[in-house]
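Build me a model:
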Amino acid sequence: MRKYTRFVVESTRPHYILWGSVPCPPIPVGQKFNGLCRRSLGAQTADAKGSTSMGARSGRQYLDSLRDDRQIWIDGARVADVTKDRRFAAAARTMADLYDMQHDPALQERLTYASPTSGDRVGLSFIQPKSVDDLVRRRDMVKTWMDATCGMFGRSPDFMNIMVTGFACAAQAFGGADKKYSQNISNYYLYCRENDVAMTHTLVNPQVDRSKSVEKQDKDLAAKIVKETDAGIVIRGARMVSTLCAYSHDLLVMPSTYLANSEEARPYAFGFAVAVNAPGFRFICRPSVIHSEAASPMDYPLAARLDETDAMVIFDDVLVPWERVFIHRDPEMCNGLYNRTGAMPQIMHQFTTKNLAKAEFMMGLAFAIARATKIDAHLHVQGMLAELIQFTEFARACLRASEADAKPNAWGFMTPAAMPLWTVRMMFPKMFIRMCEIIQTLGAGGLVAVPSYAELSGPMRADVETYFQAANADARQRIKLFRLAFDAAVSSFSGRQQLYERYYSGDPVRLAGTLYEIYDKAPYIDHITDMLDHLEARHVQQ
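Residues are numbered from 1 along each chain as shown. Model (predicted):
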């Protein structure tokens, strides 16, 4: 199997994490290769495992921290080391690159800030926003990471960082039954911020009998509290879907679906965090979308480095320490948690930024295809490209509107306006599927016929260089472009991305119902009623 050298492009905005296609030995940190240099790691103040306060992690520390006793299973076998396994190593290195960006002098101010407690530089996605400027700074940080991964690495650490921070901004809301839970979520937030903890999460019960609520299942497979001890609560059962589990340090388990406020439902009403290598944990992953037999990593340039991995989580009597418990046997607290705490607008602000980066990437890809083959001269093609412009600017406008109309929550932390973000949340899945369709239409048969990048150095090189040219691109450029387009819009990687966009933030049917319920309909109904009353009064007067 060939080994390929990985390098990053030395640019400020956007900062792309790319793959080189030259077989050669690994490059030592800081050593130049063909004029490009992998980023230096920077100084740190703690060990690689994050056992003490360390501030923003470096890539090396991050990779070292993954070499623990976690149980990651895939293709019928346990993974010994996710940093070396062919199905996981590339995404682990992508994560490391993101962490290394925090130590780039050109990006440090954009990606980190001084911790209010330790003074160390910590990830800016952990900032508790107190002003609109803080929201804008955080958005710029998220956008920098998302631009580096083309918006295709949706569960990069900033997602969960912002979720936990959102909960901490409303920590008091967790203390209804017992004030210790408020303190627990605050302490956990501080721990994550000061140690740059990478988190995965799981919210949904296994799909068994979807016609019945969790406490009424004939097959009791969902994770639940089976007992309490002096040390903590014991969890048995399963949850799905844990994205990024192979690359995380902790798992956050929180409620999602509605729970009956009954004694039978109480064992399923919990929220907690626990280390992914805790005794009793097992993660069973779906097969990788990486094409390990590809002749060149340029054949699938997105799948080769951005497969986040999704898994079912098995809890085999996992002990969760009391200090990591945030909700305990409390269905009322679980229901409406995200809106009650105001965490959801913070989360939506993050993934709307992801959506913007993704829309910009797909738009740029379509522009490049159209320009290469000169189809941008046709009006119907311009119409499709205009759709991509609309999708991109829609996301950008809603993001900015959420910041312009932001208001402090009950505890003084600035919260983005929810409705513009809800709109993107509901619309973007349809938009992304249409983006893929447009790329497929523009590429047409060229996407089916594009050869491996390896052909450019094979025996058929002369034929390839002659017959795979485009009007505005030589064969090398055209093959690179169309392989990227294939991976973005046609491949199994793209299929997973489309499914992810449909469901990562919840069931779209239930979300639509929730949006209708929470939307302030009264002013608009009153407007119609007043207009009709006014017209009626005028008619009577005549």
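
in the longest helix out of those in the chain, what counts as buried?
Looking across the chain with DSSP state H, the single longest helix is helix 343-373. For helix 343-373, the neighbour count (16 or more other C-beta atoms under 10 Å) marks 343-363, 365-366, 368-370, 372-373 as buried. C-betas here are computed from N, CA, C, even on glycine.

Any idea how many residues pack against the residue lying closest to residue 337 once chain neighbours are set aside?
Closest residue to residue 337 apart from its sequence neighbours, by C-beta to C-beta, 6 or more residues apart in numbering: residue 255 at 5.8 Å. Neighbour count for residue 255, taken as other C-beta atoms under 10 Å: 21.

How much space separates residue 255 from residue 423?
In this view, residue 255 and residue 423 are 25 Å apart by C-beta to C-beta, to the nearest Å.

Please apply the same query to residue 437.
Residue 437 sits 21 Å away from residue 423, going by C-beta to C-beta.

ok but residue 56 is inside a helix, no?
No - Residue 56 sits outside any helix when classified using DSSP: H, G, I helix; E, B strand; the rest coil, being coil.

pretty sure it is in contact with residue 124, am I right?
No - counting by C-beta atoms under 8 Å, residue 56 stays clear of residue 124, with 9.2 Å between them.

which neighbours do the two share?
Common neighbours of residue 56 and residue 124 (criterion: C-beta atoms under 8 Å, 6 or more residues apart in numbering): 111-112.

that older thread, between residue 437 and residue 423, which is the more surrounded one?
residue 423 (19 against 13).

ranges for the helices of the stretch 101-250 of the chain?
Counting by DSSP state H, counting those that start in this stretch, residue ranges of the helices within the stretch 101-250 of the chain are 108-111, 132-148, 157-168, 179-195.

Quick check: which of those is buried the most?
Of those, the one with the most neighbours on average (mean count of other C-beta atoms under 10 Å) is helix 157-168, at a mean of 25.

what about it, average pLDDT?
Mean pLDDT, helix 157-168: 98.

Between helix 132-148 and it, find me the angle.
Angle, helix 157-168 to helix 132-148, by axes from the mean of the first three to the mean of the last three C-alpha atoms, to 10 degrees: 150 degrees.

Give the other helices and strands that helix 157-168 contacts.
Helix 157-168 is packed against strand 121-123, helix 132-148, helix 179-195, strand 199-202, strand 250-253, helix 343-373, with contacts defined by 3 or more C-beta pairs under 8 Å, 6 or more residues apart in numbering; DSSP states H and E.

Surely the residue nearest to residue 337 and residue 335 touch.
Yes - counting by C-beta under 8 Å, residue 335 is a contact partner of residue 255 at 7.4 Å.

so where's the chain uncertain?
Low-confidence segments of the chain, defined by pLDDT under 70: 1-53.

which residues of the stretch 201-350 of the chain fall in strands?
Counting by DSSP state E, counting those that start in this stretch, one finds strands in the stretch 201-350 of the chain at the ranges 224-228, 232-239, 250-253, 270-275, 281-285, 311-321, 325-328.

Of these, give the one that comes closest to residue 469.
strand 281-285 (41.1 Å; C-beta to C-beta).

now for the closest one, which elements pack on it?
When contacts are defined as 3+ C-beta pairs under 8 Å, 6+ apart, strand 281-285 sits against strand 72-74, strand 311-321.

gap between residue 442 and residue 436?
For residue 442, the distance to residue 436 equals 11 Å [C-beta to C-beta].

So between those two, which is more surrounded?
Neighbours per residue, other C-beta under 10 Å: of residue 442 and residue 436, the larger number sits with residue 442, 25 against 19.

Identify the spatial nearest neighbour of the more buried one, chain neighbours not counted.
In this structure, residue 442 finds its nearest non-sequential neighbour in residue 369, 4.9 Å apart by C-beta to C-beta, 6+ apart.

who's in contact with the one you found?
Contacts of residue 369 by C-beta under 8 Å, 6+ apart are 375, 439, 442-443, 481-482, 485.

Okay, and which of those residues map to helices?
Judged by DSSP H, the contacts of residue 369 include 439, 442-443, 481-482, 485 as members of helices.
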